[in-house]
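1. quick one: sequence and predicted model below, then my questions.
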Amino acid sequence: APATAPSPLLWKQPEKLGAPPNSGLHLTFGADPAHEMTVSWSSATSVAHPRVRFGTPDGGFGTEVQAQTVTYVDGKSAIESYLHHARLTGLHPDTTYIYAVLADGVQPDAGSFQTAPVGRSAFTFTSFGDQCVPTSTWAANGSSYTSGLNTLASPAAGDIVGGIEQVGPLFHLLNGDLCYANLSPDRVRVWDDFFTNNERSARRRPWMPAPGNHENELGNGALGYDAFRTRFAVPSNGSADFEGLWYAFTVGSVRVIVVANDDVALQDGGDSYVSGYSDGAQKTWLERQLAAARASRSIDWIVVCMHQVIISSANANGADLGIRQAWGPLFDQYEVDLVVCGHEHDYERSYAVRGVVSGSETLTPNPVSTETANIDTSQGTVHLVLGGGGNSSNTNTEFFQNGQGKVITAVGGPVSTGKRTPTYVMENAVWSAFRDEEHPYGFAAFDVDPGTGPGSTTSIRVTYYNVLQPYGGLETLETFTLYRRRSDG
């Protein structure tokens, strides 16, 4: 009988699975955003030779940098997560770069970014908090699993990323409560889905995060922040014990200082109560940062990014006396211009405030002006609550209608829920300038104008965009301008 070719159905070579793909590509600034950028990504298992090749669009991928791999083991699932951070240095200011992330046997992934300018320049940044993840996860149901929405997500948690890309900022500030993994039965999946959702923006521009109370995950390190600290590579704060929790960087004439409010807040909002954990170390660091920034003739603006709030007129978490006591006098002394935060799932802004209302039990911030369109921040600090990042538990319908706000002033011992009982005191919200009662979701964009010369006026034009339902379109809610005299006059 004639010989016949073997059927492909009888192919005997064993199957071969490749290395796990790269995922969750995202950027963060180094200590000097004009010359340093960190490229970060994750893999499901260990990979060989993780690295980044980068260069310019005209010159191609001319330089290669090895990545450092760091891991943590989730305290609930015992899953080990592998994060790779490649620190790119020696970059040129205000320059577009292309990059590719590589590992042996892994399909490359790529992105691009622009470095920060040197000196006083125009640029845009954006900010929101309290995002969540618009996907589902598995929850154990006896010996089987059922699917459900990840924690408290809404579709806006995805739509808002497209909104950021429509603005196309140089960088984005993420004001805590990133993905709410601590509330999910599968914390690792939630973190992975968070980066999958956001990498369409975060691979092109740095997303600079502040830790919120929901980044505190039981069993993930002594303080609960190991997932956050491992997944983001941020500028060093010089502390061996608290690296990755607070940090600062400068873009143009704007000094951004990111703080970790669970250290000073009274409210018991995470998986474990950690108030006071730095024993004053963060406050000492913050005062040094503020003093140096305000004394500098190259820095005009001081922007603080944090999670829990100093102001709120919503019947939700409320303002926190612990933060007012710890940070308020420093913000006043060093003339902080702008504070962006989250925690309350709404949009509210303050008048320019400095000092406290005389005799106030709650240290009520004192408005120095009722101007709402053109605000001199050398006279007082403007606080923005930007908690409309996607959480479905909205508080824009919870605003008090009697001109008041509430402040947590103390906590009692743990109760049956494991949480400390809060004590609230009402105050007249004399600082409240504007709040959005109609729309639950949105973000702010900040256009920096450096001014025309030494001693001239510099300004930041603020635009708040609503992210609309059901399709995520953007609509301008309001615009206003912050201004001050340049420090080089």
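-> Here it is on my side, so go on. Just so it is clear, the model here is predicted, and its values are computed rather than measured. Numbers count the residues shown, from 1 in each chain.

2. okay, CA-based contacts and neighbour counts for the rest of this
-> Fine.

3. mind checking the SS state of His307?
-> Following DSSP: H, G, I helix; E, B strand; the rest coil, we place His307 in the coil state.

4. distance check, it against Gly142.
-> In this view, His307 and Gly142 are 37 Å apart by Cα to Cα, to the nearest Å.

5. got it, and Thr381?
-> From Thr381 over to Gly142 (counting by Cα to Cα), the distance is 53 Å.

6. give me the more crowded residue out of the two.
-> Neighbour tally, Thr381 and Gly142, criterion other Cα atoms under 10 Å: the higher count belongs to Thr381, 29 against 7.

7. look up phi and psi at that one.
-> The phi and psi values for Thr381, taken as degrees, to the nearest 10, are phi -90, psi 140.

8. ok, and the closest non-adjacent residue to Ala156?
-> Distances taken as Cα to Cα, 6 or more residues apart in numbering place Gly390 nearest to Ala156, at 4.7 Å, with adjacent residues excluded.

9. ok, the one you found touching Val161?
-> No: using Cα atoms under 8 Å as the test, Gly390 is too far from Val161 to be in contact (10.0 Å).

10. so these two - more neighbours on which side?
-> Neighbour count, other Cα under 10 Å: between Gly390 and Val161, Gly390 has more, with 31 against 21.

11. who's in contact with that one?
-> Residues in contact with Gly390, defined by Cα atoms under 8 Å, 6 or more residues apart in numbering, are 130-133, 153-158, 160, 441.

12. make CSV from these and add secondary structure and pLDDT to it.
-> Below are those laid out as CSV (DSSP: H, G, I helix; E, B strand; the rest coil; pLDDT from 0 to 100):
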residue, secondary structure, pLDDT
Asp130, coil, 98
Gln131, coil, 97
Cys132, coil, 94
Val133, coil, 91
Ala153, strand, 85
Ser154, coil, 91
Pro155, coil, 93
Ala156, helix, 96
Ala157, helix, 96
Gly158, helix, 96
Ile160, helix, 98
Tyr441, coil, 98
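
13. what's the most distant pair in those residues?
-> Farthest-apart pair in the contacts of Gly390 is Val133 and Tyr441; separation 14.2 Å (Cα to Cα).

14. measure the most centrally placed residue in the chain to Ala293 for me?
-> Residue closest to the average C-alpha location in the chain (Cα atoms, centre = their mean): Leu174, at 2.0 Å. Leu174 sits 22 Å away from Ala293, going by Cα to Cα.

15. apart from its chain neighbours, what residue comes closest to Pro117?
-> Asp94 (4.5 Å).

16. is it true that that neighbour touches Glu36?
-> No: at 11.4 Å, Asp94 does not count as touching Glu36 under the criterion of Cα under 8 Å.

17. all helices for the stretch 1-150 of the chain, in order.
-> Along the stretch 1-150 of the chain, no stretch is classed among the helices by DSSP state H, counting those that start in this stretch.

18. which residues does the host helix or strand of Leu384 contact?
-> Assigned by DSSP states H and E, Leu384 falls within strand 382-386. Here strand 382-386 makes contact (Cα under 8 Å, 6+ apart) with 127-129, 175, 309-312, 337-353, 442-444.

19. doesn't Asn391 make contact with Ala157?
-> Yes: using Cα under 8 Å, Ala157 is in contact with Asn391, at 7.0 Å.

20. any shared contact partners between the two?
-> Residues touching both Ala157 and Asn391 (Cα under 8 Å, 6+ apart): 131-132.

21. hmm, back to that, okay, and the beta partners of the residue nearest to the centre of the chain?
-> Beta bridges link Leu174 to Phe128, Pro209 when assigned by DSSP bridges.

22. thought it was touching Phe125?
-> No: Leu174 is beyond contact range of Phe125, at 11.0 Å (criterion: Cα under 8 Å).

23. neighbours of the nearest residue to Val118 once chain neighbours are set aside, how many?
-> Closest residue in space to Val118, ignoring its immediate chain neighbours: Gly252 at 5.7 Å, by Cα to Cα, 6+ apart. Gly252 has 21 neighbours, counted by other Cα under 10 Å.

24. what sits against Gly252?
-> Contacts of Gly252 by Cα under 8 Å, 6+ apart are 116-122, 299.

25. cool, Thr45 as well?
-> Taking Cα under 8 Å, 6+ apart, we find Thr45 in contact with 20, 80-82.

26. quick one, which of those are buried?
-> Buried subset of the contacts of Thr45 (neighbour count, 16 or more other Cα atoms under 10 Å): 20, 81-82.

27. would a markdown table of these with pLDDT and distance to Arg420 be doable?
-> A markdown table is the format used below for the buried ones among the contacts of Thr45 (pLDDT from 0 to 100; distance: Cα to Cα, whole Å):
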| residue | pLDDT | distance to Arg420 |
| --- | --- | --- |
| Pro20 | 85 | 43 |
| Ser81 | 97 | 32 |
| Tyr82 | 98 | 34 |
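
28. where does the stretch 51-200 of the chain have low pLDDT?
-> 149-151 (pLDDT under 70).

29. other residues contacting stretch 324-337?
-> Stretch 324-337 is contacted by residues 264, 283, 287, 290-291, 294, 301-304, 310, 354-355, 363, 377-382 when judged by Cα under 8 Å, 6+ apart.

30. change it to 7 Å
-> The contact list for stretch 324-337 (Cα atoms under 7 Å, 6 or more residues apart in numbering) reads 264, 287, 290-291, 294, 301-303, 310, 354-355, 363, 377-378, 380-382.

31. thank you, goodbye.
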